[in-house]
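> Next come a sequence and a model predicted from it.
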Amino acid sequence: PEGAQPFEMPKVCPVCGAAVEREEGFAATRCTNAFCEAQVRRALEHFVSRKAMNIETVGKSVAGLLIDSGMVKDVSDLYALDKEKLASLEGLGEKSALNILDSVEKSKTAGLARLIYALGIRHIGEKAGAVLASRFGNMDALMNADRETLCAVKDIGPESADALVGFFASEKNKFIIQKLREYGVLTEDNSVKNGDILAGKTVVVTG
C-alpha cells in the first residue's frame, strides 16, 4: 500500500528489552532472556498442557494470574503454591484453589516422557520425549548423555541432540529440574518406577 514501510525485525525483545537472536537455518527470532515474562508465561502454558503434565485447572487465565502475582517465576513454582495465597487471587476462591492444588499434585506422577516434553526443549516433541524416556530411563541419565550418545538414539537427529545438550548445560534449567525433583515430581520412566529393570535397554538373544 502507498506509504507502507519495509518491515524490520526488532533488535530487542518488545517485552523485556533483551537482545534477540535468530538461529541459523530457522525463521524464528527469539528473545535471549530466559527470565523474560513472555517466555515464562509461554513455558508455563506449555508445561500444564494436556499432552505435557496435563494440569487441566491451570489454563491461560490462571497461568497469567500466577505469573502476574509473582507466585510463579518458573514452572517448578507450581509445586510450591500456597492455598491461602492462591485463593486470594482475583476470580479464584478456596474451592478453585483446592482444585488447582489437587491437579498439580496428581501431575507429579505424569512420568518422565511427559516431563521431558513439558520442559519445552527446542525440537523435542511428544514422540521424542517418549523415545528418550524409554532409552535413558531417568532424568539424570538423559542430562549426562553427550551429543554422540543422543544422536545414536532412534528419531533423535543432530539438531535435537544439540538442543538437549544446550538445554541441560544451562544452570537455570538444571536448577528447575532439581526443584521439580525435590517437590516430588517423578523423574524416572514409569516402567522403571514400577520395577522393570530392563526398560530402555536392548536385549540380544542368541541361539
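Received, thanks. Only a predicted model underlies this, so the values are computations on that prediction, with no experimental measurement involved. Residues are numbered from 1 along each chain as shown.
> only C-alpha atoms for contact and neighbour calcs from this point on.
Noted.
> Give the buried residues for the helix or strand where K172 lies.
Here K172, judged by DSSP states H and E, is contained in helix 171-182. Residues of helix 171-182 classed as buried: N173, I176, I177, K179, L180 (neighbour count, 16 or more other C-alpha atoms under 10 Å).
> Rounded mean pLDDT for that helix, please.
For helix 171-182, mean pLDDT is 95.
> Grab the CA positions of that helix and hand them over as PDB.
Output of helix 171-182 as PDB, limited to C-alpha atoms (Å, rounded to 0.1, in the frame of the first residue of the first chain):
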ATOM      1  CA  GLU A 171      22.400 -23.700  35.200                       C
ATOM      2  CA  LYS A 172      18.900 -22.300  35.300                       C
ATOM      3  CA  ASN A 173      17.400 -25.400  33.700                       C
ATOM      4  CA  LYS A 174      19.400 -27.700  36.000                       C
ATOM      5  CA  PHE A 175      18.100 -25.700  39.000                       C
ATOM      6  CA  ILE A 176      14.500 -26.000  37.800                       C
ATOM      7  CA  ILE A 177      14.800 -29.800  37.300                       C
ATOM      8  CA  GLN A 178      16.400 -30.100  40.800                       C
ATOM      9  CA  LYS A 179      13.500 -28.200  42.300                       C
ATOM     10  CA  LEU A 180      11.000 -30.400  40.500                       C
ATOM     11  CA  ARG A 181      12.700 -33.400  41.900                       C
ATOM     12  CA  GLU A 182      12.600 -32.000  45.400                       C
END
